[in-house]
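[1] what's the 3D shape of this:
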Amino acid sequence: MELSKSFIDKINSEFTSALHFASPLPSSRTNEFDLVRGVLQILQGFSTSLFYWDAIGQGYRARNGLYVTHLSQTSLRMVLDQFIYSATCLKLVEVTLGQIEDTSAITPPPTLRAFASSASAWLRKLRDIALAEEVKVNNSNTGTAPTILGLANSLTSLCAGAEYLLQIVHGAIPKEYIERDTRVSSADMSVHILNHLYEKLNDACLVQGGEEDSYRMLLYIFVGCLLPYIEVLDSWIFEGILDDPFEEMFFYANKTIAIDEAEFWEKSYLLRSTHHKVADVANQRPMPLKTKGHNEREVVAVCPLFFKDIAKEIVSAGKSLQLIQHVPITSSTSSSSSTSTSTLVLHGSRHHETQRMMTQLSLSEIFCLSLTALIGHGDHMSEFFWQNDKIVSLVVGTEKLECSDKIWHKFLVDANMKEESFCPENPTITVCQKLLQENTNDWNSLNLSKNYLLPPLNDMELRKAIFGGEFTTAKGTNYACSDADTKVVESLFPFPTILPSFKEDLMMSELLPFQKNSTLVSKVLSWIQTVEPKCSPLPVVILRECLTFYIKKQVDHIGNQILGKLLYDWKLMDELGVLRDVYLLGSGDLLQHFLTVVFSKLDKGESWEDDFELNTVLQDSIRNSADGTVLSSPDSLIVSLTKSGDSQPATSFLVSSPRSKNRAHLSGINDLDSLNFTYKVSWPLELIANAETLKKYNQVMNFLLRVKRAKFVLDKARRWMWKERGTTTVNSKHRWLVEQKLLHFVDAFHQYVMDRVYHSAWRELCEGMAAAASLDEVIEVHEAYLLSIQRQCFVVPDKLWVLIASRINSILGLALDFYSVQQTLSSGGAVSAIKARCEKEVDRIDKQFDDCMAFLLRVLSFKLNVGQFPHLADLVTRINYNNFYMSDTGNLITAPGSDSINFKLAKTMPV
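    Model (predicted):
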């Protein structure tokens with residue numbers, strides 16, 4: 001009997017009656033029920049008789065010639081293509097995630113594992129939709145046959161989610177990592193994943209209605225990938241421990257630097273940096289934390305985008321914790337503010353580590369709770385969860401809240417109930433609490449004393465087999481426990497044989513609920529998969545409200561602690577005061593004897609290359625000083641000679657007399673630069689005042705010693721001139737005037753230094769220290785203080801300061817020249833030729849002094865310079881007292897090279 005042709009066969013026969021092979025094969029025909037079931041199965045990742053996975057082409061393919069009786073090939077292909085494409089997307093996601101585990105020579109880093117786990121969880125969620133639909137189709141008793149078109153309508157969200165999930169996976173995991181073309185470091189991989197998800201989430205939060213699944217998918221994967229990063233940050237900023245075995249963090253430990261070394265703060269923990277893309281991460285170069293400048297944000301390139309602004313503060317917080325834990329308290333008495341600071345209990349400190357694990361919410365838990373409150377109810381809970389300078393505990397958190405039906409409150413209460421029912425002797429009991437309460441009659445069968453008996457152990461046969469022969473020992477040894485012992489063991493290990501019931505996809509946190517991956521975190525992640533968020537906040541809002549708020553609070557808390565230690569326990573300001581007294585010559589009596597001996601040796605041209613002799617004089621000076629108690633011990637300050645700074649003895653003025661050889665040994669003004677003072681700063685204050693800092697202090701001190709020496713020789717010359725006051729002539733009046741001009745400049749400049757450098761700069765330092773909030777800021781304030789006194793003493797290498805310093809040094813050198821002239825005249829310069837040459841030398845000194853003053857006043861009075869550096873105006877006022885050299889309008893009253901005014905002034909002096 002001939003079968004009736006279908007509508008498709010009739011249409012096809014009109015065009016292919018002469019082509020017998022073009023007619024559809026009856027074996028290729030399928031019914032729509034099998035077609036629907038096949039589609040649902042490939043969406044779950046399986047191959048069927050109708051569809052198969054093409055491993056070479058990396059896609060699902062339909063069997064050749066497949067058709068149904070009521071749809072044309074074109075229509076059928078259009079309907080099937082969307083399902084085949086979605087199934088291919090899901091399969092490619094599965095293959096890519098599988099390659100992460102299969103192709104790895106080593107265990108993938110935590111962030112990559114978390115990404116694979118989160119993406120796999122969402123993949124299962126999408127495939128569960130197809131599984132539920134298949135179960136519905138197979139169990140349908142309504143008599144209505146499922147259709148492929150109806151399936152397209154019911155699986156719209158699955159198809160959209162499959163394509164979007166594939167985009168996320170391919171964007172987050174670089175192709176070169178899968179193909180192993182280039183080695184990608186764990187830090188670059190984790191940052192790439194987090195930055196990609198952050199940017200995608202930033203785009204997804206602007207979705208229109210009906211597209212919330214994309215936002216929820218991204219939020220779930222982003223939170224899951226962020227948790228390993230948060231756990232490392234938790235141990236770092238709350239415990240001072242860098243628990244980063246896979247080197248994912250944006251900083252790393254330099255193990256060559258110990259905590260008690262001077263370079264600990266600068267070089268112990270360094271920021272990872274790279275200026276390359278993920279494909280070029282093999283060329284990564286580390287950069288020290290102290291790197292500064294306008295490109296600082298580019299330097300920290302392996303840091304996630306949302307942590308770049310606080311990266312340096314995070315690193316500093318952990319180092320400060322290590323210092324607090326390592327350095328003992330050196331002062332038993334401290335102020336009330338110090339006491340209150342030092343008695344604060346750190347969340348997660350070593351002493352309270354166990355207590356923290358049991359009662360304190362971890363950073364990842366508080367992040368998940370805050371996120372739940374934000375997206376579930378729009379609540380901002382940051383202020384509630386951070387109280388008394390620490391994250392709130394479970395008990396306090398639940399006690400301060402009234403009964404609420406909000407989901408985040410339920411999570412918190414549930415965590416607290418688990419805490420109260422926690423059995424440390426057998427954690428399994430914690431998981432099986434509900435099961436045990438429901439089956440109290442079975443407790444006897446689980447008791448150790450009833451069902452756990454050890455038989456006697458007779459080891460005689462064992463002894464014979466090993467040693468041979470007969471033994472006089474007891475016939476047997478009974479190791480069976482007595483009833484009392486069994487009761488004790490039972491109290492220590494209750495229900496030792498109980499096991500939790502098996503569940504598919506049971507998270508480890510459900511079995512071990514009080515580890516870092518706690519039950520609370522896993523419950524929040526499961527909740528995100530199913531919740532319909534009331535709002536879709538930007539990721540920057542999520543991170544600010546739920547994470548960085550707590551990080552910044554803890555960083556500030558640690559900053560307050562380290563400042564309390566610095567100011568009260570470690571006596572920072574006292575130590576800086578010692579540096580001020582020594583290097584800024586604040587204690588004039590401390591080095592008075594030493595400087596007098598050194599200046600006398602310079603005047604006599606004696607050798608001073610013996611460090612031992614210098615240090616002997618220095619120690620004597622300190623011991624005999626009224627300020628000797630400023631130093632902890634006299635030998636804490638030593639002096640040495642730097643060979644590179646030695647200058648050849650020279651003099652700018654020689655005269656033909658029997659004593660000219662002695663005068664030829666008179667040293668220059670820069671010879672004191674070879675003196676290098678070293679003060680032993682106590683640790684950990686050595687982190688602030690290190691060797692590089694002492695070099696800057698020495699530069700300032702060398703400059704001040706030049707001023708000190710110039711004043712010393714001018715005072716000595718004044719005493720000689722005072723003895724000649726009875727033989728006053730025009731020439732002697734000229735010398736008096738030149739000496740007065742030099743002495744006025746040196747005195748005015750010395751007073752400027754004491755006012756600006758010693759007093760004003762110190763006051764600014766104290767104000768900066770009072771406003772500092774961390775050890776980094778303390779170091780910055782001290783460096784700004786050093787730069788300020790360097791500028792005010794003109795010892796910075798800038799062009800302007802070099803020009804000013806050269807003229808000041810010239811004037812100080814002229815003071816030595818004048819001293820040499822006066823020494824010649826006072827030691828027997830009665831010969832007319834010597835007097836003439838001395839007067840010419842005085843004229844030269846006067847002329848050079850006027851030239852230098854003219855240059856200084858023009859440069860220092862320049863409005864731009866005065867506007868940038870106000871202290872220059874103070875210097876001008878002092879050296880140009882009563883407008884002696886320059887008028888208010890900027891006109892020089894004493895022109896360079898003109899001696900007429902000087903002689904007129906000299907003639908008016910009384911004889």
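[2] Do a quick rundown of the strands in the stretch 301-450 of the chain.
    Along the stretch 301-450 of the chain, counting by DSSP state E, counting those that start in this stretch, strands occupy 386-387, 390-391.
[3] Quickly, which of those bottoms out on average pLDDT?
    Mean pLDDT per stretch puts strand 390-391 lowest among the strands of the stretch 301-450 of the chain, at a mean of 67.
[4] can you give me the strands in the chain?
    51-54, 59-62, 251-253, 269-271, 386-387, 390-391, 637-641, 675-679 (DSSP state E).
[5] Give me the contacts around the first one.
    If you take CB atoms under 8 Å, 6 or more residues apart in numbering as the criterion, strand 51-54 is touched by 38-39, 41-42, 47, 59-63, 84, 87, 91. For the C-beta atoms, the positions are set from N, CA and C on the backbone; glycine is no exception.
[6] Just give me the closest of those residues to Pro174.
    The closest of these to Pro174 turns out to be Lys91 (CB to CB; 20.3 Å).
[7] State the distance from the closest one to Glu101.
    Distance, Lys91 to Glu101, using CB to CB, to the nearest Å: 16 Å.
[8] Between these two, which is the more surrounded one?
    Lys91 (23 against 11; other CB atoms under 10 Å).
[9] Tell me how many other residues crowd the closest residue to Leu685 other than its chain neighbours.
    Nearest residue to Leu685, sequence neighbours excluded (CB to CB, 6 or more residues apart in numbering): Glu575, at 5.0 Å. Applying other CB under 10 Å, we find 19 residues neighbouring Glu575.
[10] give the contact list for Glu575.
    Applying CB under 8 Å, 6+ apart, the residues contacting Glu575 are Val681, Ser682, Leu685, Ala689.
[11] Just the ones of those residues in helices?
    Taking DSSP state H, every one of these sits outside helices.
[12] Which one of the residues you listed sits in the busiest neighbourhood?
    In those, the most neighbours by other CB under 10 Å go to Ala689, 23 neighbours.
[13] mind checking pLDDT for that residue?
    So Ala689 comes in at 88 (pLDDT).
[14] what's the answer for Val778, then?
    92.
[15] is it true that it touches Ala771?
    No: contact criterion CB atoms under 8 Å: Val778 and Ala771 do not qualify, at 10.2 Å.
[16] more neighbours, the two?
    Between Val778 and Ala771, Val778 has the larger neighbour count (other CB under 10 Å), namely 21 against 9.
[17] residues in contact with the residue nearest to that one when sequence neighbours are not counted?
    Spatially, and ignoring its direct neighbours in sequence, Val778 is nearest to Ala772 (4.8 Å; CB to CB, 6+ apart). Applying CB under 8 Å, 6+ apart, we find Ala772 in contact with Leu563, Val778, Glu780, Val781.
[18] Quick check: the farthest pair among those?
    Once CB to CB is applied, these give Leu563 and Glu780 as the farthest pair, at 13.4 Å.
[19] higher neighbour count, the two?
    Between Leu563 and Glu780, counted using other CB under 10 Å, the more crowded position is Leu563 (23 against 14).
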